[in-house]
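Asker: Okay, predicted coordinates and the sequence, questions at the end:
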Amino acid sequence: MSKAPKNTEAKQGSEDLEARLVSLRAEIDEIMAALAEKAQAEAEEATQSAADTAEDIGEEVLKEARRALKQIHKQANSLEKTLGVQTRANPLQTLLIAFGAGFVVSLLMTRR
């Protein structure tokens, strides 16, 4: 008769351990799910932050490009005015320079 109570106690202890093990596995699954959710939220936040930074940098580059384009446009207008004044002041010299440049370019083109 002493075997029966020990057997039931061992069986009950084993069932308790199994129940605890199932409970621990459930807790571990919950913790893993919470960690995965937190990691995904942080990844989304980092992605959004990187996208915002890239957008800000893109806007700055665009502003700088526009400023540079305006500056180039101003310089081109100034050069055009200067050339116009020089051409009107020295029409023969301008014509000779244009002829000479065209002649040199034509020589270079025929040597290819």
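Answerer: Noted; the coordinates are in hand.
Asker: what bits of this protein have low per-residue confidence?
Answerer: Along the chain, segments meeting pLDDT under 70 span 1-6, 112.
Asker: can you tell me which residues contact residue 63?
Answerer: Listed by C-beta atoms under 8 Å, 6 or more residues apart in numbering, residue 63 has no contact partners. Yep, even glycine has a C-beta here, placed from its N, CA and C like the rest.
Asker: The helix or strand containing it: how far from the chain's middle?
Answerer: When secondary structure is defined by DSSP states H and E, residue 63 falls within helix 3-89. When C-alpha coordinates are averaged (C-alpha atoms, centre = their mean, to the nearest Å), helix 3-89 and its chain have centres 11 Å apart.
Asker: buried stuff in stretch 65-72?
Answerer: Along stretch 65-72, no position meets the burial threshold by neighbour count (16 or more other C-beta atoms under 10 Å).
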